[in-house]
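1. here are the coordinates; sequence isn't available:
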């Protein structure tokens with residue numbers, strides 16, 4: 001991976017997660033409290049955490065206010081349960097988007113919510129987040145769609161009916177420019193998924209990987225980009241030119 005392609009803000013510690021707590025489509029089944037312990041996400045966060053951190057959730061669905069408030073409360077609880085103290089956990093969504101984006105310097109941790117990638121992408125551009133992040137100093141954590149939107153060029157993998165007919169201009173869209181890594185989240189859960197009758201992996205993802213490179217992460221794995229170096233923690237797969245290759249296992253790390 002050529003990390004020089006993206007002009008990174010070295011003051012950002014970037015956590016690209018699939019799901020930091022719980023399992024996609026299996027919420028409530030985990031036998032732990034807080035963040036997934038598989039690959040010591042909490043331990044890495046503690047290295048970058050600043051006291052009683054002020055946190056901001058940036059919503060993927062800007063108009064779903066009740067859902068966004070619940071997600072912020074749940075994420076705050078997960079951090080607290082993992083020994084990561086939180087002083088406050090605010091929400092940036094359709095109620096206050098531009099105002100909160102202008103106040104990023106008040107926060108230590110930004111969490112980019114999971115949801116529908118193109119919907120979140122449009123909101124991030126509307127509030128000018130990419131420009132605001134150039135001077136941000138702290139932790140940015142992406143969750144699922146939030147992780148995908150951190151890339152310089154985002155791969156908006158079709159996930160809803162009708163989206164398999166997206167053109168390249170709709171599947172590959174400008175992102176926040178924080179990383180070169182294009183992440184496919186929830187890899188353990190999407191193996192049998194179909195969109196418009198097409199197999200998501202075999203009929204969509206693999207053809208789209210020709211001439212491109214993606215990193216597929218099951219829930220509990222993550223990529224940590226600190227001081228310009230990207231390291232994958234836990235089970236991960238490289239998808240490139242129509243082929244899938246496992247590059248890391250649970251409990252292991254690998255520099256990308």
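-> Perfect, thanks for sending it. These figures come from a predicted structure and were not determined experimentally.

2. On the pLDDT front, check residue 6 for me.
-> Per-residue pLDDT puts residue 6 at 46.

3. ugh, wrong one, I meant residue 202
-> Listed pLDDT for residue 202 reads 97.

4. Quick one: neighbours of it, just the number.
-> 11 (other CB atoms under 10 Å). Just so you know, the C-beta spots here come from the backbone N, C-alpha and C atoms, and that holds for glycine as well.

5. partner residues bridging residue 17?
-> On the basis of DSSP bridges, residue 17 is bridged to residue 143, residue 222.

6. correct me, but it touches residue 39?
-> No. Here residue 17 lies out of contact with residue 39, judged by CB atoms under 8 Å, at a distance of 10.0 Å.

7. mind showing which ranges of the stretch 1-150 of the chain have poor pLDDT?
-> Across the stretch 1-150 of the chain, the ranges flagged by pLDDT under 70 are 1-8, 27-29.

8. 90 instead?
-> For the stretch 1-150 of the chain, applying pLDDT under 90 flags the ranges 1-10, 22-32.

9. check which helix or strand covers the nearest residue to residue 256 once chain neighbours are set aside.
-> Spatially, and ignoring its direct neighbours in sequence, residue 256 is nearest to residue 230 (4.4 Å; CB to CB, 6 or more residues apart in numbering). Using DSSP states H and E, residue 230 maps to strand 229-233.

10. Strand partners (parallel or antiparallel) of that strand?
-> Strand 229-233 has the following strand partners under DSSP bridges: strand 222-226 (antiparallel), strand 253-255 (antiparallel).

11. Out of the ones you listed, which one sits most buried?
-> Among the strands paired with strand 229-233, ranked by average contacts under mean count of other CB atoms under 10 Å, first place goes to strand 222-226 (a mean of 24).

12. that older thread, who's the residue nearest to residue 256 bridged to?
-> residue 225.

13. Spatially central, which residue of this protein would that be?
-> In the chain, the C-alpha nearest the mean C-alpha coordinate belongs to residue 147, at 1.8 Å (CA atoms, centre = their mean).

14. how far does the one helix or strand that one maps to sit from the chain's center?
-> Applying DSSP H and E as the criterion places residue 147 in helix 145-148. On the basis of CA atoms, centre = their mean, to the nearest Å, helix 145-148 sits 3 Å off its chain's mean C-alpha point.

15. Just the residues contacting it, thanks.
-> For helix 145-148, contacts defined as CB atoms under 8 Å, 6 or more residues apart in numbering pick out 16-18, 58, 60, 111-117, 120, 142, 154-157, 175, 182-183, 185.
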